[in-house]
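Chemist: The sequence isn't on hand, but the structure is:
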């Protein structure tokens, strides 16, 4: 998305609280739905077309390391907000989100930090596997995303 925004000067932002939609995004397998001037992604409660209003590059340091970050200020253009019926949540949903965050950190961390991030992934996945009927499949997908070392 970042590359498209910087190259084209506009794009779309999709908002969701569903960890399965976020997993699909990280795997590159999102599904589009509907027609119209605003592209929509299944499972998102809002889709917004945006234009780049400003961009700035700077060096940023965090717990993973130092990198050059391009900060982009977006201006909303059009939006589609959908009413999505709430679905039952399980303890595994929150832990699935935790596992996703830790897996993305593991992918970009230094070798010294990688083991710690992978341990955090496994702690979260233990709960995902025990509380969700699809827990084994999700755990496999997240391990692949993190770069499973087992």
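Modeler: Now that the structure is in, tell me what you want to look at. Note that the coordinates shown come from a computational prediction; the quantities given were computed from them, not determined experimentally.
Chemist: Now do the buried residues in the top helix by length along the chain.
Modeler: Counting residues, the longest helix in the chain under DSSP state H turns out to be helix 111-131. Neighbour counts using 16 or more other CB atoms under 10 Å place 114, 117, 118, 120, 121, 122, 124, 125, 127, 128, 129 of helix 111-131 among the buried residues. Where you see a C-beta, it was placed from the backbone N, CA and C, and this is true even at glycine.
Chemist: The helix or strand just after that helix packs against which elements?
Modeler: Past helix 111-131, heading to the C-terminal end, the next element that is a helix or strand (DSSP states H and E) is helix 135-146. In terms of contacts (3 or more CB pairs under 8 Å, 6 or more residues apart in numbering; DSSP states H and E), helix 135-146 is packed against helix 19-27, helix 91-108, helix 111-131.
Chemist: Which strands and helices lie in contact with the first one?
Modeler: Okay, so that is helix 19-27. With contacts defined as 3+ CB pairs under 8 Å, 6+ apart, the packing partners of helix 19-27 are helix 91-108, helix 135-146.
Chemist: Count the neighbours of residue 51 for me.
Modeler: Other residues lying near residue 51 total 14 when counted by other CB atoms under 10 Å.
Chemist: And for the one 10 residues further on?
Modeler: A total of 9 residues lie near residue 61 under the criterion other CB under 10 Å.
Chemist: Tell me what it is bridged to.
Modeler: Beta-bridge partners recorded for residue 61 (DSSP bridges): residue 66.
Chemist: which residue sits farthest out from the middle of this structure?
Modeler: residue 36 (24.5 Å; CA atoms, centre = their mean).
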